[in-house]
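Undergrad: Prediction below, plus the sequence it came from.
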Amino acid sequence: MSTSLPQLLSLAASVAAGVLVITLRLRGTSKPTNLRKIVAPPLGMATGFLMFVVPDVRIHFLWGLIAWAVGAVFFAYPLILTSHFEVKDGEVYLKRSKIFIVIIIALLVVRILLHDVVEKHVTIPQTAALFFLLAFGMLLPWRVAMARRFIALKRKMDAAA
């Protein structure tokens with residue numbers, strides 16, 4: 001099986017994106033967080049649903065639901081369990097979680113391993129749609145859980161003050 005230049009470029013872009021996400025996440029734990037920083041990523045990523053306006057990107061509803069569920073169960077759930085906040089000097093910080101890096105790397109590996117398999121059954125734009133839904137399935141439940149925890153912590157801090 002030979003590898004084409006577009007496949008190599010896609011792989012390089014995926015690896016670069018993974019490294020960027022990990023770097024941004026690690027840098028983000030050194031600054032206080034707020035509700036806006038927690039809810040902004042899923043809101044920004046939600047604009048990706050506009051891809052489904054293009055007919056070539058559309059997939060069967062059940063496939064999309066399965067991709068979203070895989071992201072929610074296998075990737076979001078561990079993040080929800082391991083994402084915690086800490087209070088330092090009256091500010092709320094997200095604690096670093098080693099599992100986050102493991103999950104981002106696992107997502108990348110899953111994408112690389114399944115990419116060729118998925119592309120044999122659906123088109124490249126549909127493959128992008130499936131992986132987008134998988135990633136959104138991870139991000140949305142995780143960030144909703146973080147937002148709920150953040151709000152609860154802020155209420156507790158306000159009550160103690």
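TA: Received the coordinates, thanks.
Undergrad: what comes up buried for the longest helix belonging to the chain?
TA: Identified as the longest helix of the chain according to DSSP state H is helix 124-160. Within helix 124-160, the residues that count as buried by 16 or more other Cβ atoms under 10 Å are 126-127, 129-143, 145-146, 149-150. In short, each C-beta sits where N, CA and C put it, glycine included.
Undergrad: Could you verify my assumption that Pro42 touches Met138?
TA: No: in this structure, Pro42 is not within contact of Met138 by Cβ atoms under 8 Å, at 10.1 Å.
Undergrad: does Ile59 count as helix, strand or coil?
TA: The three-state label given to Ile59 by DSSP: H, G, I helix; E, B strand; the rest coil is coil.
Undergrad: Show the residue spans covered by the helices in the chain.
TA: Using DSSP H, the helices of the chain run over 5-28, 35-46, 61-70, 77-82, 98-119, 124-160.
Undergrad: Asp89 is nearest to which of those helices?
TA: Distance to Asp89, taken as Cβ to Cβ, is lowest for helix 124-160 among the helices of the chain, at 11.9 Å.
Undergrad: Next, the angle from the closest one to helix 98-119.
TA: Put simply, helix 124-160 runs at 160 degrees to helix 98-119, going by axes from the mean of the first three to the mean of the last three Cα atoms, to 10 degrees.
Undergrad: ok so, going back, which one, of the helices of the chain, ends up nearest to Val53?
TA: The closest of these to Val53 is helix 124-160. By Cβ to Cβ, the value is 11.5 Å.
Undergrad: Torsion angles phi and psi at Gly90?
TA: The phi and psi torsions at Gly90 (degrees, to the nearest 10) take the values phi 80, psi 10.
Undergrad: mind listing what it touches?
TA: Applying Cβ atoms under 8 Å, 6 or more residues apart in numbering, we find Gly90 in contact with Met157.
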